[in-house]
Structure formats: structure tokens, C-alpha cells
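Asks: have a look at this prediction, sequence included:
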Amino acid sequence: MPHRRWIVLVVLFAARAATGFQFQSVGSSTHVLMADLALDYATLGLLLGAYLLPGVVVALPAGLIGQRVGEKSLGMIGLMLMVVSGVLLGHADGLATGLVARIIGGIGATIVGLVATKMTTDCFDGREIVLAMSLLQMSWPFGAMVALPVQSWLLQISGWPAVMHSGALGALAVLVAFILLPRSATQPQAAEMTRSRGRLAPAVLLPVIVAGVIWGAMNLACVLFFSYAPLLLQSVGFAPTMAASLTSLAIWFTIVAIPTGGYLVHRSGKPVAAIVGCGLVAAFALTLFAVGIYPAIIGLVFGIAIGPLSGAILSLPARVLAPQDRSLGFGVFYTCFYILMAVGPSAAGRLQDAWNTPSAALFCGAGLLLAMVPFVLVFVSLAARQEAAAKPAPELRAAL
């Protein structure tokens, strides 16, 4: 059936959206959760980061397991872990239980993310792969965006345990849809038959690490924004529901800007210029937001500026990775990403405690976006050296 792959994409979109929805559950319950579980901002940041910590060690083993048990079975395991996490977190009575629950959910979310990417590639390879991957990339912020007003309402009506249980319910709904999907009938891809050398040359490894740091910095800045922006908006006089809705609206703008910006970057053929330009605009906007200058409007500007960065940054590793090295290379890339996403929220929370102001973590996010500029210039320099070392022989043959 020609439309079957689009049905699969809808389910995979919902699966990744469920991970964003569950991740945001802690950020949506900040004040009440801190009061009931006796947390400060540093330990709250630890709870946020614990959801992403498993990616550091789970990503590569999950890929290997998927080859043995199949992507559908592995995806179901990931969703079941997310259900367990939401139920357990809703009954947490302290930091220890909360951390265990978040780590379980993080393992499930890592598995779901990997499975969604793999199955989308299988379904759309040679077809609408660029469009499909762009839509899939939108799913995580879409889930977080939906979470903000929904979980804020649940918090006021039923308390923070209901917020945590909503993450479990979302994962359970997707699990049912996942079970109803037919087994993948895709054939093994040619790329899977090409063996990697098992290691990356230093000339390739270094730019991949830099690209992973850039990707992690951008995503961490976004997480800090929609975790702490509602607090800042409340501090300048907005009601809690309105603060959550305005933050959600900014994320809506980002969701629209991801495919639109990606298309424009593709047409221009200048991803590095897009990273520098949009990174500077986003950093400046987040700084203005943090000091309270027209935060409702500036938040939307931030959301628009962030959108084009996703596709531009994700295109960087392909510049230096040969086809046979991409599996290992992207493993390194995402390991860097997960490390930053795991430790970053806790570090920002400590800064928040030290400054005792809602703007501290947002200034941290602006600094991360600003730091992307020198990092991308370092990447360009390293990539140019690697390309120069790899091209002389082909160029000589072409000249002859």
C-alpha cells in the first residue's frame, strides 16, 4: 500500500512526541514538585537531566539489540519502559525514587528515538526521506509544546502526580498503536552490508565531536528555555497558565520554523552561515527575554530563530563521514549530545540557585547559543583539513 509508510510515520511521530511530552512533565510541575519533594533548583535540574542521561550508554547497545529482535519489538520495549517510568514517578516520595523513574523513562525514550529514526529511514529511503525526517524532527518539540498547557492544567486540577501519570498514559496510547502496526517488510539496506573500519580517524573524529557539541548546545538552550521561561514570565506578572501558553506558542513557532528554515537553508546551500546567523539572533533574543524586555514578543522571535538551526547542524557530520563510517560517527555525535543534555540542566539549576533569579538559566542558554559560533568555525577548519587530505587523488585523476 503506497500510503502505509505515512501511517507508520504518524505512529512514529506520536512515539517521539510522547518522549517530549514525558520529558516536560518535571518542568511543568516545578514549584509544586520542589515543595512536595524538598528539592532545590540543582536537584530539579538533576531530575530533568536524568531523563537524557541513559542516552550516553544506551544508544549504541540499543542499535545492536534492534538488529537481533527487530525494530518493532524494541520500540514496544521502549514504550513499556516509559509507561513504567510515568507510573513510578507519579508515586515518588523523594529524590531517589524520582531519579530511578526518570532514568527508566530515559532508557525507554532513547530506544524509541533510535527506533523511530531507523523505521522512518526504512520506510522512506529512496522516496520522501528528507520530508519524512523533517517531520519526525518536529515531533519531540511538538510533544513538549502540547505538554505545557495540558500539564499546567492537570497540575492545577489534580496535582503533580497526575502530570507524571499523563506521560505514562501518552506512552501507553502509542504502545497500542505500535502493536497494531504490521511487521516491517523492508529489505536490509545496502549501507548495512558495508562494514565500518571499527574506528574513526582523528581527522574525522574531531569534527564529529565538535558537531555533536554544537547539536547538544542548541538543544540544551531550547530545554532551558521551555523549562524556565514560564518561571520568568510569572515573575514579571503573567498568570501561570498564560506563562505556559506563551512559552508553548514560542515552541509552536519553532515547530513551524524547523521545516521552513530547513527548506530555506537547503535552497541557499549555506548551512554554516545559517548556524552563525540564527545562533546570534537566538542568543540575543534569549538575552533580552531573560532581562524582561518585551518577553512575550521576544520569546516568539527566539522560537523563529531556533528553527533553521536543526537541519543546518544535522547536516554537518555528513561533510566528514564516509558512508561506511556513519553508524559509528553518528554514535559519537549523539553521545556528545546526550552528555551535554544530561549534565547541562543540573549545572543550569546550580546557577539558578546561586543567582536566585529565574533569568539565570536563560542567560546560560544564551551563552550556549553564542558559543556555537566559534565551535562551528572550528568545525569548518577541521572539516576543510579532512576534505583536503581526502581529495588530492581523485582530483589528480580528474585532471588527467
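Replies: Received it, and whenever you're ready, just let me know what you need.
Asks: counting contacts, what elements does the helix or strand encompassing Trp252 pack onto?
Replies: Using DSSP states H and E, Trp252 maps to helix 240-268. For helix 240-268, the packing partners by 3 or more C-beta pairs under 8 Å, 6 or more residues apart in numbering; DSSP states H and E come out as helix 129-158, helix 202-235, helix 271-290, helix 295-306, helix 309-314. C-beta: built from backbone N, CA, C; applies to glycine.
Asks: between the longest one and helix 240-268, how many degrees?
Replies: Taking axes from the mean of the first three to the mean of the last three C-alpha atoms, to 10 degrees, one finds that helix 202-235 is oriented at 150 degrees with respect to helix 240-268.
Asks: rewinding a little: mind putting the helices and strands packed on helix 240-268 into a markdown table with mean neighbour count?
Replies: Formatted as a markdown table, those follow (neighbours: other C-beta atoms under 10 Å):
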| stretch | mean neighbour count |
| --- | --- |
| helix 129-158 | 20 |
| helix 202-235 | 24 |
| helix 271-290 | 22 |
| helix 295-306 | 22 |
| helix 309-314 | 25 |
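Asks: identify whichever of the ones you listed lies nearest to Thr117.
Replies: helix 129-158 (7.0 Å; C-beta to C-beta).
Asks: quick one: average pLDDT of that closest one?
Replies: The average pLDDT within helix 129-158 is 81.
Asks: list the helices and strands that helix packs on?
Replies: helix 4-28, helix 95-124, helix 160-180, helix 202-235, helix 240-268, helix 309-314.
Asks: want to try TSV for these, with distance to Phe284 as columns?
Replies: Output for the helices and strands packed on helix 129-158, formatted as TSV (distance: least, C-beta to C-beta, whole Å):
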stretch	distance to Phe284
helix 4-28	24
helix 95-124	31
helix 160-180	33
helix 202-235	13
helix 240-268	15
helix 309-314	14
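Asks: so which of those gets nearest Gly344?
Replies: Using C-beta to C-beta, these put helix 202-235 closest to Gly344, at 4.2 Å.
Asks: the closest one: how far from the chain's middle?
Replies: Using C-alpha atoms, centre = their mean, to the nearest Å, the mean C-alpha position of helix 202-235 is found 9 Å from that of the whole chain.
Asks: do the same with stretch 375-390
Replies: For stretch 375-390, the distance from its own C-alpha centre to the chain's C-alpha centre is 25 Å (C-alpha atoms, centre = their mean).
Asks: next, the buried residues of it.
Replies: Across stretch 375-390, burial judged by 16 or more other C-beta atoms under 10 Å covers 375-376, 379-380, 382-383, 386.
Asks: nearest to Ala348 among the residues you listed?
Replies: Taking C-beta to C-beta as the measure, Ala348 lies nearest Phe375 of the buried residues of stretch 375-390, at 18.6 Å.
Asks: other SSEs contacting the helix or strand where that closest one lies?
Replies: Remark: Phe375 resides in helix 360-390, with elements defined by DSSP H and E. Using 3+ C-beta pairs under 8 Å, 6+ apart, the elements in contact with helix 360-390 are helix 202-235, helix 271-290, helix 326-355.
Asks: quick check: phi and psi at Gly237.
Replies: Torsion angles at Gly237 (phi, psi; degrees, to the nearest 10) stand at phi 110, psi 0.
Asks: looking at the helices and strands packed on helix 129-158, which is closest to Ala290?
Replies: Closest among those, using C-beta to C-beta: helix 202-235, at 6.9 Å.
Asks: compute the inter-axis angle for the closest one and helix 326-355.
Replies: 40 degrees.
Asks: about what we covered before: Phe333: which of the helices and strands packed on helix 240-268 is closest?
Replies: Among the helices and strands packed on helix 240-268, helix 202-235 sits nearest to Phe333 (C-beta to C-beta), with 4.2 Å.
Asks: contact partners of stretch 341-361?
Replies: 40-46, 48-50, 52-53, 55-56, 216, 219-220, 223-224, 227-228, 231-232, 234-235, 290-292, 363-365, 368 (C-beta atoms under 8 Å, 6 or more residues apart in numbering).
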